[in-house]
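Engineer: I need the structure of the sequence given here:
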Amino acid sequence: MAASRPNPAVSNLALESQFEVLAELELAAVAIDLDGTITHWNAPATELYGRSELEMLGRPIGSVRLSGGDRPSGGDGSRALERVLERGRWHGELEVLDAQGSPLVLDARATVVLDEDGHPIGVLGSFGAARVSMEDEARLAQSAIDSLTAHVAILDECGRIVAVNRAWTQFAQERGEETAIVGSNYLASCAASEDPVARGSSDAISRTLSGEIDGFELEYPCHVPSQRRWFVMRVTRCTGSEPPRVIVLHEERTLHHELRRRAALQEALLDKLNAAVIISDTGGGILTWNRAAQQLCGWTQAEVRGRLLIELLQPVDTESGVHLENEQRPGQWDGEYRIQRKDGSSALIYARMQETLDVDGTHTGVASVAVSVSERKGIERNRHERAQRSWVTRVQAAIASEGFELYGQPIVDLQSSDVVQRELLLRMRTEDRSGDVINPGLFLPSAERSGLISEIDRWVINRSAELAVAGGPVELNVSGASISDPSLVDFIRRAIGRTGADPSTLVFEITETTLISDEAAARAFVEGLHRLGCKIALDDFGTGYGGFTYLKQLPIDYLKIDIEFVRDLKYDRASRRVVEAVVSLARGFGLTTVGEGVEDEDTLELLRTLGVDRAQGFHIGRPAPLELAASVAAPTGC
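Structural biologist: This next block holds a predicted model:
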């Protein structure tokens with residue numbers, strides 16, 4: 001026997017397919033693998049032989065005795081199997097002992113089953129109490145080839161078609177090919193064709209008929225106006241047949257060809273990427289390794305294909321040496337890895353790994369994209385710069401098109417529960433005008449770095465003055481860059497004059513951080529606002545060390561107690577002590593206190609009990625859009 005055996009799963013499938021054809025004809029049938037073991041035994045065989053499928057499956061064919069007729073050998077069935085495999089087929093009488101031990105002579109036929117590469121995969125046998133008629137043989141053969149999805153024709157020694165299967169007939173009808181029906185000369189039509197592939201195949205078919213070659217295979221296009229299709233043509237000489245016969249099989253390979261084309265395109269595209277791309281299968285074996293991976297490591301794709309990825313790539317924590325992988329979401333990981341190079345060295349890389357799935361959602365492997373750690377830092381820096389440039393462009397467009405909007409969050413008096421003023425918070429509308437807004441944390445950093453923040457602050461000041469005229473006191477924030485602008489106070493004065501706003505209804509928040517960064521400019525700004533009659537709120541009070549100094553030196557009106565001390569007020573005694581101290585301090589200076597970040601009723605009541613004057617937070621009211629004509633300080637219950 002040949003040294004290499006076909007795939008067992010494929011072999012069993014092929015045997016089972018032909019065994020089912022025999023079963024449909026209600027013939028007693030048996031299938032034997034290359035080791036001589038009975039693998040299939042149908043109901044007619046049980047009825048004829050007297051032994052069940054359960055009794056016969058797994059038994060060696062050597063337990064069966066042969067006698068009489070054109071038997072392949074004397075002795076047992078194992079020797080007979082060897083002769084059948086040598087000759088390709090056998091027909092004779094089979095003598096066995098039935099279930100009662102009585103001799104039973106059967107008419108039997110055995111045929112070697114081949115895979116598509118021409119390798120034997122087993123033997124298929126049929127038997128009966130009487131010889132099968134020629135009509136039954138023809139019917140059996142036709143059923144066998146009709147069960148195939150490939151297009152099959154059998155040619156005689158002159159190249160004429162003597163039999164075709166159902167798939168061949170249907171395809172010929174679709175294409176209107178009258179030269180592809182039974183009785184037509186297929187060889188002559190190929191030779192006369194204008195298609196060079198068909199002319200070339202005619203010569204190979206002639207050589208197969210003459211016995212010069214055993215057969216051949218070629219892939220060819222068969223396009224129609226509405227579809228591009230590909231086929232493979234396999235031609236095989238029937239061994240032992242006189243006169244000679246040739247089987248012509250055409251099998252569609254459009255999907256296979258398309259997958260190969262896509263794979264080639266994918267590899268070409270992957271080779272254009274600057275990042276190393278490594279694709280592995282479900283077992284971790286490397287399938288794809290692009291040009292950037294070769295440049296990074298020195299290995300060619302041919303050298304690494306099939307190797308396990310874990311042999312070359314190990315996750316590491318560069319500081320402690322501990323293996324580290326970060327799972328971003330199910331099926332995706334990233335982290336720093338050390339990859340082995342061909343020259344024996346290693347490189348520190350950043351890799352992102354993504355589980356790959358087929359159309360049915362079945363796991364097919366892992367795709368990894370990797371760059372050196374230094375290169376990654378450059379990529380991230382460039383990405384950050386591009387993002388900042390994008391935000392600058394969007395902010396410029398918003399300034400030009402009135403693309404900003406102010407939201408208001410109510411601040412309530414804890415004694416009357418009335419809304420006494422609102423803190424104004426900036427939002428930027430999306431470009432599609434869908435009604436969605438962008439939070440300032442996304443665009444203000446770019447506006448500050450690009451110098452556009454001053455234009456935004458001035459828009460906020462003008463709009464705040466208009467809102468104060470329409471309804472009542474408002475609280476607004478301006479950036480540190482604008483506070484350092486000596487012309488800003490004069491701009492505020494002009495805005496008040498233009499709108500007719502009462503300066504005392506404009507409350508400007510200033511943080512301790514701003515005061516520290518440019519104390520002289522901040523002091524000038526606060527004193528200028530005080531002279532105009534505007535109010536000043538010192539925000540985040542209690543988080544810094546200079547608050548008491550500023551209370552003494554600056555004309556402050558409001559102390560806003562930082563959320564750090566408010567949110568855990570119910571549980572933390574130290575926070576309560578801080579709030580009590582701030583309230584006592586504020587009363588000593590004649591200032592109004594505001595608790596920030598109130599998120600529940602218990603906290604609100606505690607602030608009231610501790611003597612805090614005002615409060616704001618999600619429990620009281622979330623920031624919401626404000627219309628110019630709306631009453632921004634209308635009394636509401638709390």
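Engineer: excluding chain neighbours, what is closest to S446?
Structural biologist: Distances taken as C-beta to C-beta, 6 or more residues apart in numbering place W391 nearest to S446, at 3.7 Å, with adjacent residues excluded. C-beta: built from backbone N, CA, C; applies to glycine.
Engineer: same check on L607?
Structural biologist: G595 (4.5 Å).
Engineer: got it, and E405?
Structural biologist: R427 (4.9 Å).
Engineer: contacts only, for K570.
Structural biologist: Taking C-beta atoms under 8 Å, 6 or more residues apart in numbering as the criterion, K570 is in contact with D600, D602, T603, L606.
Engineer: okay, and which of these map to helices?
Structural biologist: Residues of those located in helices (DSSP state H): D602, T603, L606.
Engineer: among those, which ones are buried?
Structural biologist: T603, L606 (16 or more other C-beta atoms under 10 Å).
Engineer: tell me which stretches of the stretch 251-400 of the chain form strands.
Structural biologist: For the stretch 251-400 of the chain, strands defined by DSSP state E, counting those that start in this stretch occupy the ranges 276-281, 286-289, 313-315, 326-329, 332-340, 346-357, 363-372.
Engineer: worst mean pLDDT among these?
Structural biologist: Least confident of those, judged by mean pLDDT, is strand 326-329 with a mean of 54.
Engineer: tell me the SS of Q415?
Structural biologist: Here Q415 is recorded as coil under DSSP: H, G, I helix; E, B strand; the rest coil.
Engineer: how much space between it and Q616?
Structural biologist: Q415 sits 15 Å away from Q616, going by C-beta to C-beta, to the nearest Å.
Engineer: residue contacts, E405?
Structural biologist: Residues in contact with E405 (C-beta under 8 Å, 6+ apart) are L426, R427, M428, R429, V437, P625.
Engineer: go again with 7 Å.
Structural biologist: Neighbour list for E405: R427, R429, V437, P625 [criterion: C-beta atoms under 7 Å, 6 or more residues apart in numbering].
Engineer: among these, name the ones in strands.
Structural biologist: R427, R429, V437, P625 (DSSP state E).
Engineer: max pairwise distance over the residues you listed: which two?
Structural biologist: Greatest spatial distance in those: R429 and P625, 10.3 Å, computed using C-beta to C-beta.
Engineer: who's more crowded, these two?
Structural biologist: R429 (17 against 12; other C-beta atoms under 10 Å).
Engineer: list the beta-bridge partners for that one.
Structural biologist: When bridges are taken as DSSP bridges, the partners of R429 come out as V437.
Engineer: quick check: it vs F231, distance?
Structural biologist: Separation of R429 from F231 (C-beta to C-beta): 59 Å.
Engineer: same thing with G183?
Structural biologist: G183 is 23 Å from F231, by C-beta to C-beta.
Engineer: for the contacts of E405, which one is nearest L57?
Structural biologist: Closest approach to L57 among the contacts of E405 (C-beta to C-beta): V437, at 72.9 Å.
Engineer: and the residue nearest to S446, what's its pLDDT?
Structural biologist: pLDDT for W391: 81.
Engineer: can you check A99 too?
Structural biologist: A99 is given a pLDDT of 66.
Engineer: and E605, how many neighbours does it have?
Structural biologist: The tally of other residues near E605 (other C-beta under 10 Å) stands at 13.
Engineer: any idea how far V419 is from it?
Structural biologist: To V419, E605 is 18 Å away according to C-beta to C-beta.
Engineer: quick check: L348 vs G298, distance?
Structural biologist: To G298, L348 is 16 Å away according to C-beta to C-beta.
Engineer: please identify the helix or strand for I556.
Structural biologist: In the assignment (DSSP states H and E), I556 maps to no helix and no strand.
Engineer: not counting sequence-adjacent ones, nearest residue to K342?
Structural biologist: G298 (3.3 Å).
Engineer: so how far is I339 from the one you found?
Structural biologist: From G298 to I339 the distance is 11 Å (C-beta to C-beta).
Engineer: tell me which of these two has more neighbours.
Structural biologist: Counted by other C-beta under 10 Å, G298 and I339 do not tie: I339 has more neighbours, with 22 against 14.
Engineer: A276: neighbour count?
Structural biologist: A276: 24 neighbours (other C-beta under 10 Å).
Engineer: list the contacts of the nearest residue to it once chain neighbours are set aside.
Structural biologist: In space, and not counting its chain neighbours, A276 is closest to A293: 3.7 Å by C-beta to C-beta, 6+ apart. The contact partners of A293, by C-beta under 7 Å, 6+ apart, come to A276, V277, I278.
Engineer: repeat that for 8 Å
Structural biologist: Residues near A293 by C-beta under 8 Å, 6+ apart: A276, V277, I278, W299, Q301, A370.
Engineer: likewise for L551?
Structural biologist: L551 makes contact with L538, L559, L585, F589, L591, according to C-beta under 8 Å, 6+ apart.
Engineer: how about the host helix or strand of it as CSV, C-alpha atoms only?
Structural biologist: Here L551 sits within helix 547-553, counting by DSSP H and E. Extracted in CSV, the C-alpha atoms of helix 547-553 (Å, rounded to 0.1, in the frame of the first residue of the first chain):
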residue,chain,number,x,y,z
GLY,A,547,-8.1,80.5,50.9
PHE,A,548,-7.9,82.4,54.2
THR,A,549,-5.4,84.9,52.8
TYR,A,550,-7.7,85.6,49.8
LEU,A,551,-10.7,86.1,52.1
LYS,A,552,-8.8,88.8,53.9
GLN,A,553,-7.3,90.6,50.8
